[in-house]
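K.L.:
starting from these lines, generate the structure:
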Amino acid sequence: MSFIKRLSLKKLRRNSSSSPTKASQVPQAQYVEQQEQLPEDDMVIGSGTHGTSTTDMESLPTPEKQTVLLLHAAKQPYQLTEDYPVPQLKGEHDVLVRTQTIGLNPIDWKAPDFNFAIPELPYISGRELAGEVVQTSRKESRFKLRDRVLAISTDYRDLRKAAYQQYVISFDYNTVRILPSLTLEEASTLGVAFVAAALSLGVCMGVDFSSILSGPDLFSLLRSSVPPESLAEDIRSECLDGIRSHERAKAGDWVAVWGGSSTSANLTIQLAKLAGLKVITIVDKAKHGLRLSNHQVLKADLLVDSHDPERAVQIIRQNLKGKLRFGVDTRGRESATSLLHALSPDNIDSAPLLAGEKPPSPPGTPKEETLLGAHLIGLTGLPKQQAPEGTMFHTVPIKLFHEVPEVGGALCQWLERLLAEGLVKAPEIIDVEQGLGSINKGLDRMRKGEISGGKLVVRVAE
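P.N.:
Next up, the predicted model:
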């Protein structure tokens, strides 16, 4: 008989500095769903212990303790744990959300398997969830109690914001109001993929979204409205120097998306098409070719089979004839390297000028001001080699979303408008698991490659 080992917070503290418990060594298949109701005497109304003034705070009845899913060590399953404190409101932007559905992401199993992006132990993971607002830190918040929302957690260092718990803190500028036409399950597929897509296109490629329901022009916003010193040092160069003004992607330009079946590719393709870009999708056609070739939202201008990467590159180069300057890879280092070979920086591959032939640039114009570079964005990895002449490698500055309110707020409110007008569609849901305790099972399915072309969602509560 399968079972879940539940820990009390007292036991957790007693064992936190010791070696992994026997329960943490139980095979992952034994961690299955088991839900229990919180005792009524755990409920408190408008508790003043949540870090803000009770005169400013709006609150529904909320418990002091909750159930969470904890990671105690790398290469271990997450462990269901009771009597864990509900996160406290601390700042004026904090909103407390009761978790109802969670979207699972590859990072949730890759981080413990390969021991990265785990800043502390025990650790709570999870990057996106949908639920209802139960507390706001100020009465003038744009969110009201019981609002249905999508909370997007790109800040993996703040465990209050992690999705694998019954109650989650979200910044109001990282929170999206959900319309009745969208289910909570659908909403929990959108968050991280939308943010990654918008930043890839808007920051790394310079796409201006202002003509699409007053979307953000992130290129201009970062240079005019955000003080440079407020940008983290490790992303400042990407944000301000990654692409020059005359190189910005515009309607009619081509972008290639390698790994077109992923949810991040899904949103990248949707936003690129809204901006008027022409899209090449490189995907395993045996698995996804028919679906994508007839897809109302994701149908590409050119669909290429990824089975033979060299052949894929050859097809792209022969069809585009040097017109592809932008590539987004969602798979990893190997596919990013293949995509690099498909890009064509302006004039890099041009034949030498013949005797007496005039150069394409006006005399006296500096070369670097007229040539258009190629830009490769790697969501999960970049080629080992240095970027060749005329090409820039980009890493998505994901922390912009939670560290710069102007960026996070602009993206969340734009997503609300896109969803309201039906211009962005939620990725397909492959399956729905039940309960926090089923997350290990769901992550195992992702490890085995069973989830492809859509999203796995976990329903936590009604």
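
K.L.:
low-confidence stretches in the protein?
P.N.:
1-56, 346-370 (pLDDT under 70).

K.L.:
so the spatially most central residue of it, which state does it fall into?
P.N.:
Most central residue of the chain, judged by C-alpha distance to the mean C-alpha position with CA atoms, centre = their mean, is Val192 at 2.1 Å. Following DSSP: H, G, I helix; E, B strand; the rest coil, we place Val192 in the helix state.

K.L.:
show me what contacts the nearest residue to it once chain neighbours are set aside?
P.N.:
The shortest distance from Val192 to any non-neighbouring residue, by CB to CB, 6 or more residues apart in numbering, is to Arg127 (4.9 Å). (C-beta placed from N, C-alpha, C; glycine too.) Neighbouring residues of Arg127 by CB atoms under 8 Å, 6 or more residues apart in numbering: 103, 105, 107-108, 152-154, 156, 162-163, 191-192.

K.L.:
hmm, try it at 7 Å
P.N.:
105, 107, 153-154, 163, 191-192 (CB atoms under 7 Å, 6 or more residues apart in numbering).

K.L.:
how near is it to Val432?
P.N.:
18 Å (CB to CB, to the nearest Å).

K.L.:
kindly report the same for Arg325.
P.N.:
For Arg325 relative to Val432 (CB to CB), the value is 40 Å.

K.L.:
ok, these two, which is more surrounded?
P.N.:
More neighbours surround Arg325 than the other of Arg325 and Val432, with 24 against 15 (other CB atoms under 10 Å).

K.L.:
what residues does Gln413 make contact with?
P.N.:
Going by CB under 7 Å, 6+ apart, Gln413 touches no other residue.

K.L.:
that one: helix or strand, and which one exactly?
P.N.:
Element membership for Gln413, per DSSP states H and E: helix 405-420.

K.L.:
Leu221: what secondary structure?
P.N.:
Strictly by three-state DSSP, Leu221 counts as helix.

K.L.:
compute the distance between it and Thr67, please.
P.N.:
Leu221 is 40 Å from Thr67, by CB to CB.

K.L.:
between these two, which one's more packed in?
P.N.:
Neighbours around Leu221 and Thr67, counted as other CB under 10 Å, are more numerous at Thr67. The numbers are 23 against 18.

K.L.:
ok, that one touching Asp83?
P.N.:
No. Using CB atoms under 7 Å, Thr67 is not in contact with Asp83, being 8.3 Å away.

K.L.:
how about the helices of the protein, start to end?
P.N.:
Counting by DSSP state H, one finds helices in the chain at the ranges 9-15, 107-114, 184-187, 191-199, 218-224, 233-241, 263-274, 285-293, 309-320, 333-342, 400-403, 405-420, 439-447.

K.L.:
any idea which of those helices is most buried?
P.N.:
Stretch with highest mean neighbour count among those: helix 191-199 (a mean of 26; mean count of other CB atoms under 10 Å).

K.L.:
mind giving me the packing neighbours of that helix?
P.N.:
Here helix 191-199 touches strand 148-152, helix 263-274, helix 405-420, going by 3 or more CB pairs under 7 Å, 6 or more residues apart in numbering; DSSP states H and E.

K.L.:
give the contact list for Ile118.
P.N.:
With CB under 7 Å, 6+ apart, Ile118 has these contacts: 71, 74, 111-112.

K.L.:
counting neighbours, what do you get for Ser181?
P.N.:
With other CB under 10 Å as criterion, Ser181 counts 9.

K.L.:
tell me the bridge partners for Val176.
P.N.:
Under the criterion DSSP bridges, Val176 forms beta bridges with Leu150.

K.L.:
distance of it from Leu199?
P.N.:
In terms of CB to CB, Val176 sits 16 Å off from Leu199.

K.L.:
Ile439 now?
P.N.:
27 Å.

K.L.:
same deal with Ala426?
P.N.:
Taking CB to CB, one finds Ala426 at 19 Å from Leu199.

K.L.:
okay, stretch 124-135 in PDB with CA atoms only?
P.N.:
Extracted C-alpha coordinates of stretch 124-135, given in PDB (Å, rounded to 0.1, in the frame of the first residue of the first chain):
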ATOM      1  CA  ILE A 124       9.900  24.900  -1.500                       C
ATOM      2  CA  SER A 125       9.700  24.900  -5.200                       C
ATOM      3  CA  GLY A 126       7.000  25.800  -7.800                       C
ATOM      4  CA  ARG A 127       6.900  28.700 -10.200                       C
ATOM      5  CA  GLU A 128       3.200  29.300 -11.100                       C
ATOM      6  CA  LEU A 129      -0.200  28.900  -9.500                       C
ATOM      7  CA  ALA A 130      -3.700  30.100  -9.700                       C
ATOM      8  CA  GLY A 131      -6.100  30.700  -6.800                       C
ATOM      9  CA  GLU A 132      -8.000  33.400  -4.900                       C
ATOM     10  CA  VAL A 133      -6.800  36.500  -3.100                       C
ATOM     11  CA  VAL A 134      -7.300  36.100   0.700                       C
ATOM     12  CA  GLN A 135      -5.200  39.000   2.000                       C
END
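
K.L.:
would you confirm that Pro106 contacts Met446?
P.N.:
Yes. At 6.4 Å, Pro106 and Met446 qualify as touching, with contact defined as CB under 7 Å.

K.L.:
from the contacts of Arg127, which two are the most distant?
P.N.:
Spanning the widest gap among these are Ile107 and Gly191, at 12.6 Å by CB to CB.

K.L.:
end to end on stretch 439-458, go ahead and measure it.
P.N.:
7 Å (CA to CA, to the nearest Å).

K.L.:
same question, stretch 179-198
P.N.:
End to end - CA to CA - stretch 179-198 spans 21 Å.
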